[in-house]
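Student: coordinates for the following, if possible.
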Amino acid sequence: MQYKSVVGESVAEKIIEKSRFLAYTAHAESEEEAKAFLARVRGMHPLATHVCYGYIADKAGNLLRFSDDGEPQGTAGMPILGVLKAQELKETVIAVVRYFGGIKLGAGGLTRAYAGCAADGVAASVLKVYETGVEATLSVSYADVNAALRFLEGETVLSRDFGAEACFTVIVKEREFDLFCARAQDFFNGKARIAANKRYFYGF
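Tutor: Predicted structure coming up:
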């Protein structure tokens, strides 16, 4: 299983007919994380006219929520959620803050504004494909440290530990882990040790 999501948080801003819109986008692995993010955004903008949002807070795309927060029904939350669906994003929350500028946009104008701002928020984000990875430790003797550094070029190294021997913690796609192990044994002539620690979803 794999899915696409944003990494970390981002913000995008635009002015539409004197109204100020700010789109905050974040990775959220649960409804609790999404709600905490939304509460933080609201706390940052206590004087905002509206804080509308949409989120898909699970890997399968079933946990969907949205809010118009006082805007006419269907003109804010659904367009934001529609952007998430159109871009096939999971575990992602978008909050669009609006400071009313005195000019009414009408239902169509609001729908376009919120959808456009949500799209801008996604465009400002870093996107990655998340899939099951294996976190593993590659251990070699100090004589093979330079060789290990060459072998690990292009791999995602999470940490390095130089104790009794040199240990490199890496995250490898689960579907490529057997190949990684085979390559390591061939590269180090069977002298390297690889221990699989745990499996979890990771943005590669």
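
Student: quick one: Y99 and T132, what's the gap?
Tutor: 42 Å (Cβ to Cβ, to the nearest Å). C-beta: built from backbone N, CA, C; applies to glycine.

Student: hmm, I was thinking of A12
Tutor: In terms of Cβ to Cβ, A12 sits 31 Å off from T132.

Student: who has more neighbours out of those two?
Tutor: Neighbours were counted for A12 and for T132 using other Cβ atoms under 10 Å; A12 has more, 21 against 14.

Student: strands paired with the helix or strand where the more buried one lies, and their directions?
Tutor: Applying DSSP states H and E as the criterion places A12 in strand 9-16. Sheet pairing of strand 9-16 (DSSP bridges) gives strand 19-27 (antiparallel).

Student: show me what counts as buried in the top strand by length along the chain.
Tutor: Across the chain, the longest stretch assigned as strand under DSSP state E is strand 126-140. If you call a residue buried by 16 or more other Cβ atoms under 10 Å, then strand 126-140 has these buried ones: Y130, G133, V134, E135, A136, T137, L138, S139, V140.

Student: in contact with the first one, which residues are there?
Tutor: Yep, that's Y130 we're talking about. Q2, Y3, K4, S5, K59, K90, E91, F201, Y202, G203, F204 (Cβ atoms under 8 Å, 6 or more residues apart in numbering).

Student: using the record's domain definitions, break the chain down for me.
Tutor: 2-124, 129-203 (automatic domain parsing).

Student: the longest one: end-to-end distance?
Tutor: The distance separating the two terminal residues of domain 2-124, taken as Cα to Cα, to the nearest Å, comes to 22 Å.

Student: what helix or strand does V93 sit in?
Tutor: Assigned by DSSP H and E, V93 falls in strand 92-99.

Student: for the helix or strand following that strand, packing partners?
Tutor: Downstream of strand 92-99, the first helix or strand assigned by DSSP H and E is helix 106-123. Judged by 3 or more Cβ pairs under 8 Å, 6 or more residues apart in numbering; DSSP states H and E, helix 106-123 is in contact with strand 9-16, strand 19-27, helix 77-86, strand 92-99.

Student: got the contact list for V140?
Tutor: A147, A148, E165, A166, F168, F188, K191, A192, R193.
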